[in-house]
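Participant: Attaching a predicted model along with its sequence, questions to come.
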Amino acid sequence: DSGVTQTPKHLITATGQRVTLRCSPRSGDLSVYWYQQSLDQGLQFLIQYYNGEERAKGNILERFSAQQFPDLHSELNLSSLELGDSALYFCASSVAGLGFDEQFFGPGTRLTVL
Amino acid sequence: SQQGEEDPQALSIQEGENATMNCSYKTSINNLQWYRQNSGRGLVHLILIRSNEREKHSGRLRVTLDTSKKSSSLLITASRAADTASYFCATDGTGGFKTIFGAGTRLFVKA
């Protein structure tokens, strides 16, 4: 158990809908990362937050947004969902949010868009 | 495109054999990390090697780094069926904040 929690574990929804994925980092970790993993795209970095502020951005679509709250939990919002958004979404946390930090991954949320 | 590219994409070996996976990257790095992922689960950190290090060991794992060739290798000695997983390299990329993962090597160890 990494100490990172993600909810929900599974999510099934329809195209055009909007969903929110939630992540609670390990106690003491200030940085949260979001990744998308699909069969054909591998593990894609989406976005990183450090202590409430956006620190780095990856291949995140404009339909997706995220934020980190004062209690350090984070939410990833996916809107106007398309079939291609079906994937495993991982949240990870680290202490300082630096490139050499060890990241601790949550169990993931499996999103299925029908 | 990915900063890190693992090679091979997939590897199948017998229990007890050694497994070697390679990672090549494109830009200068400060650090390189290896992670492991069991099917459908979150990644687990294995080892970090800094750019001024050439080799590092952790149990049955041996990592090498060649910054002149922009490549790293992960050697798992005396493999076990439980080592079956995907292995990813990750680099810190430009600016030091972003961690960029490669596409991974799928290792299958047959009992």
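Facilitator: Done, it's in.
Participant: residues from chain A in reach of chain B?
Facilitator: Residues of chain A lying near chain B by C-beta under 8 Å from any C-beta of the partner chain: A:2, A:4, A:33, A:35, A:42-43, A:45, A:48, A:55-56, A:58, A:88, A:90, A:92, A:97-108, A:110. (Glycine included, C-beta is placed from N, CA and C.)
Participant: List buried residues within those.
Facilitator: A:2, A:4, A:33, A:35, A:42-43, A:45, A:48, A:55-56, A:58, A:88, A:90, A:92, A:97-101, A:103-108, A:110 (16 or more other C-beta atoms under 10 Å in any protein chain shown).
Participant: which residues touch the residue in chain B that chain A sits nearest to?
Facilitator: Going by C-beta to the nearest C-beta, chain A is nearest to residue B:92 of chain B, at 2.6 Å. Each residue near residue B:92 by C-beta atoms under 8 Å, 6 or more residues apart in numbering or on different chains is listed here: A:98, A:99, A:100, B:29, B:30, B:31, B:32, B:98, B:99, B:100.
Participant: Look up the residues forming beta bridges with the last one.
Facilitator: Meaning residue B:100. According to DSSP bridges, the residues that bridge with residue B:100 are residue B:91.
Participant: Distance check, it against residue A:101.
Facilitator: 13 Å (C-beta to C-beta, to the nearest Å).
Participant: Need the nearest residue in space to residue 111, chain neighbours excluded.
Facilitator: Using chain A here. residue A:11 (4.9 Å; C-beta to C-beta, 6 or more residues apart in numbering or on different chains).
Participant: that answer is for a different chain, and I need it for chain B
Facilitator: Leaving aside its chain neighbours, residue B:111 sits nearest to residue B:81 (4.4 Å; criterion: C-beta to C-beta, 6+ apart).
Participant: The one you found - how many residues pack around it?
Facilitator: Residue B:81 has 11 neighbours, counted by other C-beta atoms under 10 Å in any protein chain shown.
Participant: doesn't residue B:17 make contact with it?
Facilitator: No - between residue B:81 and residue B:17 there is no contact under C-beta atoms under 8 Å: 11.7 Å.
Participant: and for the two, which residues touch both?
Facilitator: With contacts defined as C-beta under 8 Å, 6+ apart, the residues shared by residue B:81 and residue B:17 are residue B:109.
Participant: What segments of chain B are strands?
Facilitator: B:4-7, B:10-14, B:19-25, B:31-37, B:43-50, B:55-58, B:61-66, B:71-76, B:85-91, B:100-101, B:105-110 (DSSP state E).
Participant: any chance of those in TSV, with mean neighbour count, distance to residue A:15 and mean pLDDT too?
Facilitator: Formatted as TSV, the strands of chain B follow (neighbours: other C-beta atoms under 10 Å in any protein chain shown; distance: least, C-beta to C-beta, whole Å; pLDDT from 0 to 100):
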stretch	mean neighbour count	distance to residue A:15	mean pLDDT
strand B:4-7	20	33	77
strand B:10-14	13	32	95
strand B:19-25	20	36	93
strand B:31-37	23	28	93
strand B:43-50	19	29	93
strand B:55-58	12	45	96
strand B:61-66	18	43	97
strand B:71-76	21	40	96
strand B:85-91	26	29	92
strand B:100-101	23	28	78
strand B:105-110	18	30	95
